[in-house]
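Have a look at this prediction, sequence included:
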Amino acid sequence: AQSVTQLGSHVSVSEGALVLLRCNYSSSVPPYLFWYVQYPNQGLQLLLKYTSAATLVKGINGFEAEFKKSETSFHLTKPSAHMSDAAEYFCAVSRSQGAQKLVFGQGTRLTINP
Amino acid sequence: NAGVTQTPKFQVLKTGQSMTLQCAQDMNHEYMSWYRQDPGMGLRLIHYSVGAGITDQGEVPNGYNVSRSTTEDFPLRLLSAAPSQTSVYFCASSWSGTPYEQYFGPGTRLTVT
């Protein structure tokens, strides 16, 4: 069975500081990995996805994530936080071979301090 | 394109009542799904469909029914609402095959008293 663990339900950083949101997964087969963002009172929006083409994945709004198989991790980073990055972030995994069923982590709420 | 639309945005039910949450998409996506979002638990898959006439259960299907008579619509039915079904419900759609981006609706906030 697949599962996703996001370390830290709340992360707070200062504007301009590095953002690091942690995600570890377990999967018995090569996974597809995703990061989604949810702004207040909205649905989820895809930030980026890993589908085995490249281990470093660049997404929207300056975010990127690195797939590390040896560490079973897919951490999300952004070099310089902006106030507009305040949101909830979800890591998700699905199996390969055309499976759209996503298993989500618990979510990390990111707060940006001015 | 409107994308994925959900109605209603908010709903309050009494225990035992039934209702249908509506979901529609105008992107001709084969795959549609329903998730519920609860604090500290992320999103959990309730039911999904890979095309008209085909549905299957997800992780937490009990108490919910779905049907898919058209490509565009994927309603979620609560048969007899319970307080444990108080949650925010999201519908999503995507192309089938290699995992494409799933497009999420704005959600329905349901309270069962």
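Good, I have the coordinates.

Need the contact partners of stretch B:47-55.
A:100-101, B:30-34, B:56-58, B:61, B:64-71, B:74, B:76, B:96 (Cβ atoms under 8 Å, 6 or more residues apart in numbering or on different chains). No exception for glycine: its C-beta is placed from N, CA and C like everyone else's.

mind listing what's buried in stretch A:2-9?
Residues of stretch A:2-9 classed as buried by neighbour count (16 or more other Cβ atoms under 10 Å in any protein chain shown): A:2, A:4, A:6.

Among the residues you listed, which lie within strands?
Taking DSSP state E, the ones among those that sit in strands are A:4, A:6.

pLDDT check: weakest of the buried residues of stretch A:2-9?
Within these, A:Gln2 has the lowest pLDDT, namely 76.

Strand partners (parallel or antiparallel) of the one helix or strand A:Phe90 maps to?
Secondary structure assignment for A:Phe90, by DSSP states H and E: strand A:87-95. Sheet pairing of strand A:87-95 (DSSP bridges) gives strand A:31-38 (antiparallel), strand A:103-104 (antiparallel), strand A:108-113 (antiparallel).

Run through who's touching the one helix or strand A:Phe67 maps to.
Assigned by DSSP H and E, A:Phe67 belongs to strand A:64-68. Under the contact criterion Cβ under 8 Å, 6+ apart, strand A:64-68 has outside partners A:23, A:33, A:35, A:48, A:50, A:55-59, A:73-78.

Filter the residues you listed down to the buried ones.
A:23, A:33, A:35, A:48, A:50, A:57, A:59, A:73-76, A:78.
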